[in-house]
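>>> my questions are about this predicted structure, shown below with the sequence.
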Amino acid sequence: MDFRQLRTFSCVAELGSLSKASDTLRVAQPALSRQIKLLEHELRTELFTRNGRGMVLTEAGRLLLARTSGIVRQIDQIRDDIQSSQGPPSGQVVLGLVPTVSCVLSARFARRCVEKFPGISLRIVESYSGHLVEWLHRGEMDLAILYGRSADLHLNVQSLGRDNIVAVGPRGCGLARKKSIDVGWLLRQRLVLPSHSHGLRALIEHAAAQRKIKLNVQLEADSFRVLTSLVEEGLGFALLPPSSVHGEVAEGRLETSVVSKPMTRELIFASPIDRPVSTASLAVTALLREEVAACRKDGVWDIKLS
């Protein structure tokens, strides 16, 4: 298979449109369409379903994307590394962040990255830990900050510390007036939680099981922003890292309180274990560690060192 065809296929699959891929790759649409058709002819199957809304991957297309996206990125990184060897770092870096970290880190880190490394194209992907781990394994992501037990992930990992979990409630709920909240009392209240597939939910379920408490969960939200908005509307309490709702608490929209028995989660820095790290990724990694330290120093991220 021709690399240009694979690169075109990967770009069209990601963007879902020939016209958008044409703008990104700076290649005329007829040329891109021809490369896709040549690839389909070689593989003897259709890779896309064409409709009025764009290009949708077929089952064969999804298989090809899963097997080749990491390869395409590695070849692009080789080109970028050769160019970087003769000057400042350049190329694309894909950084994954869990939502509770993204809301603290994304904007301020992106600003520093643009100022220090103008040749690096930074793509920030916000998702939950399970998805980030999968994308790291598939080679679709260069590095990530996520929650998890470092020994279980089969990735290059470095522990950043442990994030505290606090009770979060709406304005006027009384949490702000209390020094601490009994965890048993909190687990008996109406809660707004992520679904069962997420690590935070497993942590809370485990705490409830230890106390033989049946959780009262009427609303679930796998979007961090939706979850906090539901709490703000008075639809239940949540358990979250305090840094993730720092702005809402400062504005008086939410209240927090520590829980009587501390609940924490390990926060780790992760990268793929089976691929060489690009020059651009190394530069972003070093800058990211500096920014995490700066967040601690500024008091916007109360993460406890391991």
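Looks like it came in fine. Residues are numbered from 1 along each chain as shown.

>>> count of neighbours near residue 202?
Per other Cβ atoms under 10 Å, the neighbour tally for residue 202 reads 12. From N, CA and C alone the C-beta is placed, and that goes for glycine too.

>>> my read is it is in a strand, agree?
No: using DSSP: H, G, I helix; E, B strand; the rest coil, the assignment for residue 202 is helix, not a strand.

>>> ok, now which ones touch it?
Counting by Cβ atoms under 8 Å, 6 or more residues apart in numbering, residue 202 makes contact with residue 196.

>>> how about residue 288?
With contact set as Cβ under 8 Å, 6+ apart, residue 288 has these partners: 95, 109, 143, 145, 269.

>>> next up, identify which helix or strand it is on.
Using DSSP states H and E, residue 288 falls within helix 279-298.

>>> now stretch 248-260, how far from the centre of its chain.
Relative to the centre of its chain, stretch 248-260 is centred 24 Å away, using Cα atoms, centre = their mean, to the nearest Å.

>>> end to end on it, go ahead and measure it.
23 Å (Cα to Cα, to the nearest Å).

>>> okay, now the domains of the protein?
As given by the TED database, the domain ranges for the chain are 3-84, 91-161+267-305, 164-265.

>>> tabulate these (TSV), appending mean pLDDT.
Listed next are those as TSV, based on pLDDT from 0 to 100:
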stretch	mean pLDDT
domain 3-84	85
domain 91-161+267-305	87
domain 164-265	90
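
>>> who touches the host helix or strand of residue 145?
According to DSSP H and E, residue 145 maps onto strand 143-147. The contact list for strand 143-147, computed with Cβ under 8 Å, 6+ apart, reads 93-98, 101, 105, 129, 132-133, 135-136, 160, 163, 199-200, 265-271, 281, 284-285, 288, 292.

>>> pairing partners for the next helix or strand after it, with directions?
The helix or strand immediately downstream of strand 143-147 is strand 156-170, counting by DSSP H and E. Its sheet considered, strand 156-170 pairs with strand 238-240 (antiparallel), strand 254-257 (antiparallel), strand 263-271 (antiparallel), strand 303-304 (antiparallel) by DSSP bridges.

>>> let's have those in CSV, adding mean neighbour count and distance to residue 79.
What follows is these, written out as CSV (neighbours: other Cβ atoms under 10 Å; distance: least, Cβ to Cβ, whole Å):
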stretch, mean neighbour count, distance to residue 79
strand 238-240, 25, 41
strand 254-257, 22, 47
strand 263-271, 20, 20
strand 303-304, 16, 36
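
>>> buried sites along the helix holding residue 288?
279-285, 287-288, 291-292, 295-296 (16 or more other Cβ atoms under 10 Å).

>>> check stretch 2-13 too.
Across stretch 2-13, burial judged by 16+ other Cβ under 10 Å covers 5-13.

>>> residues in contact with residue 280?
By Cβ under 8 Å, 6+ apart, the contact set of residue 280 is 77, 80-81, 84, 89-93, 117, 119-120.

>>> in strands, which of these fall?
Applying DSSP state E to these, the entries found in strands are 91-93, 120.

>>> mind listing what's buried in the strand or helix carrying residue 227?
Residue 227 belongs to helix 224-232 when assigned by DSSP H and E. Neighbour counts over helix 224-232 (16+ other Cβ under 10 Å) mark 224, 227-228, 230-232 as buried.

>>> who are the packing partners of it?
Here helix 224-232 touches helix 99-116, strand 156-170, strand 190-193, strand 238-240, strand 254-257, going by 3 or more Cβ pairs under 8 Å, 6 or more residues apart in numbering; DSSP states H and E.

>>> distance from the chain centre to it, please.
Relative to its parent chain, helix 224-232 has a centroid offset of 18 Å by Cα atoms, centre = their mean.

>>> got the angle for that helix vs strand 156-170?
Helix 224-232 runs at 30 degrees relative to strand 156-170, counting by axes from the mean of the first three to the mean of the last three Cα atoms, to 10 degrees.

>>> quick one: helix 224-232 to helix 99-116, angle?
Following the same axes, to 10 degrees, one obtains 130 degrees for the angle between helix 224-232 and helix 99-116.

>>> can you dump the C-alpha atoms of helix 224-232 in PDB for me?
Output of helix 224-232 as PDB, limited to C-alpha atoms (Å, rounded to 0.1, in the frame of the first residue of the first chain):
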ATOM      1  CA  PHE A 224     -17.800  16.500  33.300                       C
ATOM      2  CA  ARG A 225     -19.400  19.800  32.300                       C
ATOM      3  CA  VAL A 226     -22.900  18.200  32.300                       C
ATOM      4  CA  LEU A 227     -22.200  16.600  35.600                       C
ATOM      5  CA  THR A 228     -21.200  19.900  37.300                       C
ATOM      6  CA  SER A 229     -24.200  21.700  35.700                       C
ATOM      7  CA  LEU A 230     -26.600  19.100  37.200                       C
ATOM      8  CA  VAL A 231     -25.100  19.600  40.600                       C
ATOM      9  CA  GLU A 232     -25.400  23.400  40.200                       C
END
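
>>> alright, that wraps it up for me.
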